[in-house]
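S.K.: based on what follows, work out the 3D shape:
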Amino acid sequence: MSGISPEVASHWLNIDPSFPPVRHKKRNVGGDMQKAISKKVDKLISIGFIHEVTYLEWLVNVMMVKKANNK
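M.R.: Numbers count the residues shown, from 1 in each chain. Prediction:
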């Protein structure tokens, strides 16, 4: 997150280099879920909370999880 020193909080993937990467099958997301994902991602990008990065390998599929208030 911008504005927070990496000495206070940082994130990294705890990956053992001795294991080869596993490519998961890309899952297609339905129309309503795709719209909700795009809306949330666009919001996070516009406020500068996240930014686009490019990896040589696919890391993870987007997972939609219902909140306690059923949103």
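S.K.: send me stretch 4-11 as CSV with only the CA atoms.
M.R.: The C-alpha coordinates for stretch 4-11 follow below in CSV (Å, rounded to 0.1, in the frame of the first residue of the first chain):
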residue,chain,number,x,y,z
ILE,A,4,3.1,2.7,4.4
SER,A,5,6.7,2.0,4.9
PRO,A,6,7.8,-1.6,4.0
GLU,A,7,9.4,-1.7,7.5
VAL,A,8,5.9,-1.5,9.0
ALA,A,9,4.1,-3.9,6.8
SER,A,10,5.0,-5.8,3.6
HIS,A,11,3.6,-8.8,1.7
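S.K.: just how off-centre is it within its chain?
M.R.: Its chain's C-alpha centre and that of stretch 4-11 lie 18 Å apart, by Cα atoms, centre = their mean, to the nearest Å.
S.K.: what average pLDDT does it get?
M.R.: The pLDDT scores in stretch 4-11 average 77.
S.K.: equivalent analysis for stretch 42-56, please.
M.R.: 83.
S.K.: contact partners for the spatially most central residue of the chain?
M.R.: Nearest to the mean C-alpha position of the chain, by Cα atoms, centre = their mean, lies residue 62 at 6.6 Å. Each residue near residue 62 by Cβ atoms under 8 Å, 6 or more residues apart in numbering is listed here: 29, 37. Glycine gets a C-beta too; all of them are placed from N, C-alpha and C.
S.K.: so how far is residue 52 from it?
M.R.: Distance, residue 62 to residue 52, using Cβ to Cβ, to the nearest Å: 14 Å.
S.K.: next: residue 10.
M.R.: Look at residue 10 and residue 52: by Cβ to Cβ, they are 20 Å apart.
S.K.: what about the two, which has more around it?
M.R.: Regarding residue 10 and residue 52, a neighbour count based on other Cβ atoms under 10 Å identifies residue 10 as having more, with 9 against 6.
S.K.: tell me the contacts of that one?
M.R.: Counting by Cβ under 8 Å, 6+ apart, residue 10 has no contacts.
S.K.: mind checking the SS state of it?
M.R.: Classification of residue 10 using DSSP: H, G, I helix; E, B strand; the rest coil returns coil.
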